[in-house]
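Asker: mind folding the following:
(one chain, ligands or ions: 1)
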Amino acid sequence: MVDDNLKNEVESLRVEINRLKSKKDIVPHRHCMNCGIAIPPDKQFCSKKCEDEWNTLLRRKKMNMYIWMIFLVILIIILMASMGGL
Ligand SMILES: [Zn+2]
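Answerer: Alright, predicted model coming up:
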């Protein structure tokens with residue numbers, strides 16, 4: 001009974017070690033910033049289309065941040081004005 005458990009433990013450890021070993025053998029690569037597929041390590045995107053898409057998304061994110069900041073500033077001004085009794 002105990003021996004069986006130990007055997008299973010050892011077996012699962014061996015599987016884990018093999019898994020880690022095979023992971024090391026994978027050629028160096030990175031993932032496309034936009035779609036996530038594997039690409040050569042010297043590139044950031046798999047295609048020009050993906051790069052364009054990513055830049056559009058980034059610009060939209062920045063735009064959203066600006067809108068929020070403006071919104072917050074307006075909110076603070078309104079709060080201060082109402083506290084100041086204007
Ligand atoms: Zn891509």
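Asker: now the phi/psi pair for the closest residue to H31 other than its chain neighbours, please.
Answerer: The shortest distance from H31 to any non-neighbouring residue, by C-beta to C-beta, 6 or more residues apart in numbering, is to A38 (6.1 Å). In short, each C-beta sits where N, CA and C put it, glycine included. Dihedral pair for A38: phi -70, psi 130, per degrees, to the nearest 10.
Asker: residues near W54, how many?
Answerer: By other C-beta atoms under 10 Å, the residues close to W54 number 16.
Asker: over to E53?
Answerer: Under the criterion other C-beta under 10 Å, the count of neighbours that E53 has is 15.
Asker: could you do the one 3 residues further on as well?
Answerer: Residues within reach of T56, counting by other C-beta under 10 Å, total 11.
Asker: which residues touch it?
Answerer: Under the criterion of C-beta atoms under 8 Å, 6 or more residues apart in numbering, T56 has no contact partners.
Asker: check which helix or strand it maps to.
Answerer: Using DSSP states H and E, the element containing T56 is helix 48-83.
Asker: which of the three states applies to the residue positioned nearest the centre of the chain?
Answerer: Nearest residue to the geometric centre of the chain (C-alpha atoms, centre = their mean): M33, 8.8 Å. Here M33 is coil, with the state taken from DSSP: H, G, I helix; E, B strand; the rest coil.
Asker: which regions of the chain lie under the pLDDT threshold?
Answerer: 1-2, 23-26, 85-86 (pLDDT under 70).
Asker: which residue is the nearest non-sequential neighbour of E53?
Answerer: Using C-beta to C-beta, 6+ apart, the closest residue to E53 is N34 (5.2 Å).
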